[in-house]
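Asker: okay, sequence plus prediction incoming.
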Amino acid sequence: MSGSAAAVLDSEEFTAREQEILDVCAELLTEIGYERLTIDAVAARARASKATIYRRWPGKPALVGAAVRHVTDTAHMAPSYTGDLRADLLVLIGNARDRFVRQGRLMAGMVNAMQNDPELATLLRADIARCKMTIDDLIGRYTADGVITATDPDLIRQLAPATLLIRVLVTGEPVDDDLLTSLVDNVMLPLLAPGRSGWQ
């Protein structure tokens, strides 16, 4: 990652005006996509100067990466540790479901844009890695407690988010609470803690 990109990731506190610019950027991303989005367009809609934008973000990938983090709020996807694995997993995938539904179009556009812009891909993957660390902490605590006994929990816990993404972005099938409960009870818990019963 370049020094400028790392600096952007390390200082994610925004003024009210900067938040307005990020909101505008996210709106344009949803409306016209990453390829057609320009700093000029963001500045015009936000009624800001390009100099104002460039003082905070070194270029389009950095601005877009910050906008995606701002509107998707990945820092709050992981639940608190309560000592009840089933309850925490339900909160975890419920948070993910709400985020995917709310920002599905934006996320679909970013997946495509990442294939063509290595700098944007680096920024967004760094954000995904930070989010994954918060989930790792939760899984690690239950593993230390002896509740999770799976040998490869990293692969297993990707199954539920993958199912949600496919439904939201591809098939359009419902992602209601019944689906979340089924994923936790029939997929995640049996694989994360095989042989254990009495969750409900």
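Answerer: Yep, it's here. Numbering: from 1, shown residues only.

Asker: go through this structure and flag its longest helix.
Answerer: Secondary structure of the chain per DSSP state H: the longest helix is helix 118-144.

Asker: relative to the whole chain's centre, how far out is it?
Answerer: On the basis of CA atoms, centre = their mean, to the nearest Å, helix 118-144 sits 9 Å off its chain's mean C-alpha point.

Asker: buried stuff in that helix?
Answerer: 119-124, 126-127, 131-132, 135-136, 138-139, 142-143 (16 or more other CB atoms under 10 Å). From N, CA and C alone the C-beta is placed, and that goes for glycine too.

Asker: and the furthest pair within the residues you listed?
Answerer: Greatest spatial distance in these: Glu119 and Tyr142, 36.2 Å, computed using CB to CB.

Asker: next, give phi and psi for Phe100.
Answerer: phi -60, psi -40 (degrees, to the nearest 10).

Asker: tell me how far the residue nearest to it when sequence neighbours are not counted lies from Asp98.
Answerer: Leaving aside its sequence neighbours, Phe100 sits nearest to Val168 (CB to CB, 6 or more residues apart in numbering; 4.5 Å). Noted for Val168: a distance of 11 Å to Asp98, by CB to CB, to the nearest Å.

Asker: next one: Asp145
Answerer: For Asp145, the distance to Asp98 - CB to CB - is 27 Å.

Asker: and for Ile135?
Answerer: Counting by CB to CB - Ile135 and Asp98 are separated by 16 Å.

Asker: check Ile128 too.
Answerer: 17 Å.

Asker: can you give the domain ranges for the protein?
Answerer: 3-71, 73-192 (automatic domain parsing).

Asker: which one of these lies closest to Trp199?
Answerer: So among the domains of the chain, domain 73-192 is nearest, using CB to CB, at 4.5 Å.

Asker: avg pLDDT for that closest one?
Answerer: Average pLDDT, domain 73-192: 85.

Asker: any idea how far it is from the chain center?
Answerer: Taking mean C-alpha positions (CA atoms, centre = their mean), domain 73-192 and its chain are 8 Å apart.

Asker: make residue 1 into 2 and carry on from there
Answerer: Right, with 2 as the first residue, what we last looked at is domain 74-193.

Asker: please, where are all the helices along this protein?
Answerer: 4-11, 17-37, 40-47, 51-57, 61-73, 86-103, 105-115, 119-145, 154-157, 160-167, 178-184, 190-193.

Asker: from the contact counts, what lies against the fifth one?
Answerer: When you say that, I think you mean helix 61-73. With contacts defined as 3 or more CB pairs under 8 Å, 6 or more residues apart in numbering; DSSP states H and E, the packing partners of helix 61-73 are helix 4-11, helix 17-37, helix 40-47, helix 105-115, helix 119-145.

Asker: one more: the last one?
Answerer: The elements that helix 190-193 packs onto, with contact taken as 3+ CB pairs under 8 Å, 6+ apart, are helix 86-103, helix 154-157.

Asker: the longest one packs against which elements?
Answerer: Translated: helix 86-103. By 3+ CB pairs under 8 Å, 6+ apart, helix 86-103 packs against helix 119-145, helix 160-167, helix 178-184, helix 190-193.
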